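A.B. asks: Predicted model and sequence follow; I will ask about them next.
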Amino acid sequence: QVHLVESGGGLVQAGGSLRLSCAASGRTFSIYTMGWFRQAPGKEREFVAAISSNGVNIYYTDSVKGRFTISRDNAKNTVYLQMNSLKPEDTAVYYCAADRGLVLTTIPRRYDYWGQGTQVTVSS
C-alpha cells in the first residue's frame, strides 16, 4: 500500500512557475513508476509525465515538453513536477500516481495508487 499526498499547487500568472511535490508513505516507494496527471473541469484526466523507479526513463506529453520537468528523490520518498512557462491551459487539478509496473504508461487505469490532487490555476 502506498499513500500519496500532493502539495505545491496555487495561483500563478501566465509565464510563471510552480513546483509540485508528491510525498509517498511506505518503504517500497523506490520500486514504483511514478506519474503526474491532470484534470481540468469537464475534461478527462490526462497524462502529464512519468518517471521510472530508478529515475532513468522519463516521458512527457507533448504539450509540456520543454516546460515541465519530472524528478524523484527515492531517499525522501518524493516525486516532483517543476512547471515553468505556465499557460492558462495548464489550469487543472494535478494528481500524482504510483504504478507497480516496470514500463512507463500514460494510461490512468494502469496506475495503482493516487493522491488527492492539488489545484493549479494559471491566470492570463
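C.D. replies: Structure's in. What do you need?
A.B. asks: and V79, what is it in contact with?
C.D. replies: 21-22, 24, 34, 36, 51, 70-73, 96 (C-beta atoms under 8 Å, 6 or more residues apart in numbering). C-beta coordinates here come from the backbone N, C-alpha and C atoms, glycine included.
A.B. asks: Can you list the strands that the strand or helix carrying it pairs with?
C.D. replies: Under the criterion of DSSP states H and E, V79 resides in strand 78-83. Using DSSP bridges, the strands paired with strand 78-83 are strand 18-24 (antiparallel), strand 68-73 (antiparallel).
A.B. asks: pull the CA atoms of the shortest one into CSV?
C.D. replies: The C-alpha trace of strand 68-73 is given here as CSV (Å, rounded to 0.1, in the frame of the first residue of the first chain):
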residue,chain,number,x,y,z
PHE,A,68,7.8,20.7,-17.2
THR,A,69,10.4,18.5,-15.5
ILE,A,70,9.6,15.4,-13.5
SER,A,71,12.1,14.1,-11.0
ARG,A,72,12.2,11.9,-7.9
ASP,A,73,14.2,11.5,-4.7
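A.B. asks: Work out the gap between that strand and the centre of the chain.
C.D. replies: 8 Å (C-alpha atoms, centre = their mean, to the nearest Å).
A.B. asks: pLDDT on it, on average?
C.D. replies: Mean pLDDT, computed over strand 68-73, is 98.
A.B. asks: neighbouring contacts of that strand?
C.D. replies: With C-beta under 8 Å, 6+ apart as the criterion, strand 68-73 contacts 34, 36, 48-51, 55, 58, 60, 78-84.
A.B. asks: Mind giving me the PyMOL select for those, buried ones only?
C.D. replies: Of those, the buried ones go into a single PyMOL selection, burial set by 16 or more other C-beta atoms under 10 Å:
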select buried, resi 34+36+48+49+50+51+60+78+79+80+81+83
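A.B. asks: Strands of the protein, start to end?
C.D. replies: Assigned by DSSP state E, the strands in the chain fall at 4-7, 10-13, 18-24, 33-39, 46-51, 58-60, 68-73, 78-83, 92-99, 113-114, 118-123.
A.B. asks: follow-up on the earlier one: now the strand holding V79: how far from the chain's centre is it?
C.D. replies: 6 Å.
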